[in-house]
Each structure stands twice: as structure tokens, then as C-alpha cells.
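S.K.: Let me see the structure of the following:
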Amino acid sequence: MCGIVGVVSSAPVNQLIYDALLLLQHRGQDAAGIVTQQECKFFMHKAKGMVRDVFRTRNMRSLPGNCGLGQVRYPTAGNAYSEEEAQPFYVNAPFGIVLVHNGNLTNAQALKAELFSTDHRHINTDSDSEVLLNILAHEIEKTTRGLPLQPHDLFEAVRRVHRRIKGSYAVIVMIAGHGLLAFRDPFGIRPLCIGRGAGTVLVASESVALEGTSNKFERNVAPGEAIFIDLAGKVHAQQCAEHPVLHPCIFEYVYLARPDSVMDGISVYQARLNLGETLAKRVISTVPPNEIDVVIPIPESSRPSAAQLAQLLGLPYREGFVKNRYVGRTFIMPGQSVRKKSVRQKLNVIASEFKGRNVLLVDDSIVRGTTSREIVQMARDAGARKVYMASAAPPVRYPNVYGIDMPTSDELVAHNRTVEQIRELIGCDALIYQEVEGMKKAIGSLNPEITGFDASCFDGVYVTGDITAADIARLNANRVVVDETAEDNSRLALPNHEE
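M.R.: Numbers count the residues shown, from 1 in each chain. Predicted structure coming up:
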């Protein structure tokens, strides 16, 4: 999961890209990069860390031009601590191309060997994004044949890219002297949208990056579609996949995306309200509401679901945890030891909301269970008589291969365990999960044109149809290289963003 943005404008774009990346910071906190173009020359700055730390005034002054792109990185493969793998990536032929990518290629290793043996291109990092860049560059070189670049050449190149690569990908590319190319995988797993402002055209991962920079959301990029924005701001678009179908990642709505974004016609906030409504029915079947004194969300993504649940059950909704916004999101911390250590640094209880009460804690999802166990104990230490826990998402039972950092089965508390066994591990008095079909119905009802979701981490169905146990083992071997004893300062949370 990363955040990407690209801009073509009649004015300098460095500040606009910076502002958009701040709005996408929740999608990646490990590294950030911006590249701009002026007179066919690229100007790039990228480094590990948060956007506000990577870009200083001197860096911004060195990014001139009216066309550019940027990325915030959240690594799921390769080396998390290598600045070489921070994006954008650059290749000088043909034309000069820079790329930012959100997603995960499931056949990256085979493609890397193919690039070396057949396409005669060298890959210098472990990043699948560099593989994707070189595949695209090779196909553009073949379609243009040394002739001046035309939009139809780019669309043909994207068609060939779709045939070669597998997995999830939302991509923005800048081509020296020509403009921006953006495209999305044929299943639309990772999000991408386009918007406009005064003399400006933008492409970004989430609508909030458009609206938050005073631009207007226009539409989503369709699955398999490619969009080319020339330097004059003219937009060319064409479907480039043979059998596109919209199956977005459902975990975007559960947890990853900002609540004020609208993705593929679905309000993230409304999706989370709907999840709370269906979860309320599950709670009633497990714990009688008269045995619950108060509903308390686990900050932050669970708040809409918890509030809706409390309202439907006629129960008080209270804030029982205060979040330290200067400690990183535990979900994306590298190791269990660091994650466990950070929970009590990240959250503190308001004891008066727990003492002598039966409390229902509501979380957006339970992935590894470590945080949940610590939070349940915190509630007991604060004087709660009974602690019930409800998850707005179903049990996460299967590895994710499309760009979310939970790829190994051993890390998933629900893998090969019953709900009762999970409850015992977490230590709560009752554990209520959302049902898979209930989750899909709650979110899918907001856009009937979506016929399905990638919900592979919940149901084990991989929408690309190419994932085997051997593939998962291979992807696990290539997952992020981290030092579990290190507290990386780049993993600090934004102080003004709830996620």
C-alpha cells in the first residue's frame, strides 16, 4: 500500500504535489519522493521518512516545472531500509521515464529474469516497481520503434504490459517532453482517480488528495484503463485490458483509506457506518445488549462503525482511549516485539469509562491479535468488569499478496483457529466478528455496479486467479527486510490525521 499522485498544470506543481502527498501520508510513512519536469529535464528528490521531514525549503526550490509526480511509500517487498527503493524510479530510455506505483506484482521474480535474458534490461534493486518500470519502458520502445511518441503508442504499450504482469497495480508515469501516463490493473484492486482544477489535471490514489488541494474529483480510472495527459493538459483515455472487471480491495474500505475519501463510487465513511450496522446484528446474537454498559471504539478507523453500532443497540458511546499521535500505526510496524511495546505508548485509557462496567470494544479489524490482547488487558487494568470485543471485519485468515503487509499465515491470529480459540488468546469475555458475506453486502450495496471485491485475506479467493501455495511461499521470501529490534523514526504517525 502506497500513495501516488501526478499533476500536469499551467503553474509550478511542486507545492501541489507536496500538499497532495501530505493528504496521502496515511498510505505510506517509510519514504517519500517527488520528481518534476522542466524543459525535458527531470528534477528529483526522495528519501526515507515522512513528507514533512523529507522535503525542506531547499528541496522544494530544486523541483521546478509544471508537470510532476510523487509517492509515499509503505514497503511490502524488498528492503524497507534502502533509500534506493524509495520512489519514483527512473530509466533513461526510451525518452526518459519516471514511475510511481501502488500495489504488488505477484510474478515480479519471473519478470526480472525475463527482463535480463530476453529484454536485456538490468534491475538494480529488489523492488517490483523497478521491474514494472522496465517492462513498460521496453514495451514503449517496441511500440514507438524510434518514431515520435503518440498516445496510441502508449495505449498499445499498456496493453502489452497488462498481458505480461500479474497482481495489483495503480501506476503513474511521467515521460520527458510528453506528459503523464496513468493506468490501473484489470481488476482495479488498488485505487486511482482523476480530477481537475484551474489549469490543472491530477491523478491520485484517493479523492481526498484532489479535494484537499482545492481541485474537483472527476471520476475513477477504470480497471485496465490507461489515461495520458499531455503537457497542454489534454486528456486521452482508452481501455487497454481484454477482460476488465472491477473488484477493488475491500480492506481499503475497512481500514486503509481515509474516511473522507470516495473510492469507486463508495464513500469510505458510509461503508464503515454500514459495517457497524451489520456488526450490531452479530452482537445481538452473541451478547444481549442489556449486558453491555458502554461501547468504546479502538481509535481511529473503527469510530464510524462503533458509533453506528451503539446507536442501533441504544447503548452509550464513549471515548475510552486517548491516542498519542506521535507514535506510529502499530499495524505497519515491522515486528511483533516493536508492535507490542508500542501499544501502551500509543494508547492510554480514560479509567472512568471502564471502572465497574461491562464494555464492548469495537475495532476495525483484528490481524495479528497482539494489539487486541494488550488493549483488552488495559481495559481490565482500568477496572472493567467484563470486556467484550467486536471486529467490524471478518477474521483475517489468509495471506495478502496484493500490497498489504500481512503476507504470512503464521502472523495471522485467525489462521487455523476457531473464534473461541482466538477469544482465549486475546483474553476477552466474548469475541464477535463480522461475517464475510455481511461485509461484502454492507459495502457493495453502496455501489451496485461493483459485482465483487478482492477479499482474499478474509475468504482466501485471489481475484487474479494465479496464486498458489508456492507463490505465497515465494512472496513471503521476498517480503520486507526489517530489523525487529529497531524503532524507526520514519514510522511516526501524523499528528493531525486519525489513521
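S.K.: Could you chop the protein up by domain?
M.R.: Split into domains by automatic domain parsing, the chain comes to 3-245, 270-449.
S.K.: where does the stretch 201-350 of the chain have low pLDDT?
M.R.: By pLDDT under 70, the low-scoring segments of the stretch 201-350 of the chain are 327-342.
S.K.: For it, just list every one of the helices.
M.R.: Under the criterion DSSP state H, counting those that start in this stretch, the stretch 201-350 of the chain contains helices at 208-211, 251, 268-284, 303-313, 336-346.
S.K.: and those helices, which is most packed in?
M.R.: Of all those, helix 251 carries the top mean neighbour count, a mean of 26, counting by mean count of other Cβ atoms under 10 Å. Using the backbone N, CA and C atoms, a C-beta is placed for each residue, glycine as well.
S.K.: tally of neighbours for the closest residue to residue 206 other than its chain neighbours?
M.R.: Excluding its sequence neighbours, the residue lying closest to residue 206 (Cβ to Cβ, 6 or more residues apart in numbering) is residue 261, at 4.1 Å. Residue 261 is flanked by 28 other residues according to other Cβ atoms under 10 Å.
S.K.: surely residue 261 meets residue 204?
M.R.: No: here residue 261 does not reach residue 204: they are 9.8 Å apart, not a contact under Cβ atoms under 8 Å.
S.K.: just to revisit the earlier point, and the domains of the chain: which comes nearest residue 252?
M.R.: Checking these against residue 252 by Cβ to Cβ gives domain 3-245 as the closest, at 6.3 Å.
S.K.: Next, the distance between the ends of the closest one.
M.R.: Domain 3-245 has an end-to-end distance of 22 Å (criterion: Cα to Cα, to the nearest Å).
S.K.: So for the helix or strand residue 58 falls within, what gets flagged as buried?
M.R.: Residue 58 belongs to helix 57-61 when assigned by DSSP states H and E. Within helix 57-61, the residues that qualify as buried are 59, 60, counting by 16 or more other Cβ atoms under 10 Å.
S.K.: now swap in stretch 175-187 and tell me
M.R.: Buried residues in stretch 175-187, counted by 16+ other Cβ under 10 Å: 175, 176, 178, 179, 180, 181, 182, 183, 184, 185, 186, 187.
S.K.: check which helix or strand covers residue 378.
M.R.: helix 370-381.
S.K.: can you check residue 133 too?
M.R.: Element membership for residue 133, per DSSP H and E: helix 128-144.
S.K.: For that helix, name the packing helices and strands.
M.R.: Here helix 128-144 touches strand 89-91, strand 97-105, helix 108-114, helix 151-164, strand 167-175, going by 3 or more Cβ pairs under 8 Å, 6 or more residues apart in numbering; DSSP states H and E.
S.K.: can the ones you listed go into TSV with extra columns for distance to residue 361 and mean pLDDT?
M.R.: As requested, the helices and strands packed on helix 128-144 are exported to TSV (distance: least, Cβ to Cβ, whole Å; pLDDT from 0 to 100):
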stretch	distance to residue 361	mean pLDDT
strand 89-91	42	96
strand 97-105	31	97
helix 108-114	39	91
helix 151-164	44	98
strand 167-175	32	97
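S.K.: So which of these is nearest residue 375?
M.R.: strand 97-105 (29.3 Å).
S.K.: strands paired with that closest one, and their directions?
M.R.: Strand 97-105 has the following sheet partners, assigned by DSSP bridges: strand 89-91 (antiparallel), strand 167-175 (antiparallel).
S.K.: Residue 411 is in contact with residue 368, isn't it?
M.R.: Yes: contact criterion Cβ under 8 Å: residue 411 and residue 368 qualify, at 5.4 Å.
S.K.: how would you label residue 396: helix, strand or coil?
M.R.: Following DSSP: H, G, I helix; E, B strand; the rest coil, residue 396 is assigned to coil.
S.K.: For it, grab the count of nearby residues.
M.R.: By the measure other Cβ under 10 Å, the count of residues near residue 396 is 25.
S.K.: who's in contact with it?
M.R.: 365, 366, 367, 406, 412, 413, 414, 457, 458 (Cβ atoms under 8 Å, 6 or more residues apart in numbering).
S.K.: which one of those residues is nearest residue 424?
M.R.: Set against residue 424, the nearest of these by Cβ to Cβ is residue 413 (10.9 Å).
S.K.: Name the residues linked to residue 43 by a beta bridge.
M.R.: Here residue 43 shows beta-bridge partners residue 36, assigned using DSSP bridges.
S.K.: for residue 198, phi and psi?
M.R.: phi -70, psi 110 (degrees, to the nearest 10).
S.K.: Same check on residue 240?
M.R.: Torsion angles at residue 240 (phi, psi; degrees, to the nearest 10) stand at phi -120, psi 0.
S.K.: what number of residues lie near it?
M.R.: Residues near residue 240, counting by other Cβ under 10 Å: 23.
S.K.: Name the SS class of the residue in the chain sticking out farthest from the centre, please.
M.R.: Relative to the C-alpha centroid of the chain, counting by Cα atoms, centre = their mean, residue 356 is the outermost residue, at 39.0 Å. Of the three states, residue 356 takes coil under three-state DSSP.
S.K.: dump the residue contacts of it.
M.R.: For residue 356, the contact set (Cβ under 8 Å, 6+ apart) comprises 383, 384, 385.
S.K.: mind redoing it with 7 Å?
M.R.: By Cβ atoms under 7 Å, 6 or more residues apart in numbering, the residues touching residue 356 are 383, 385.
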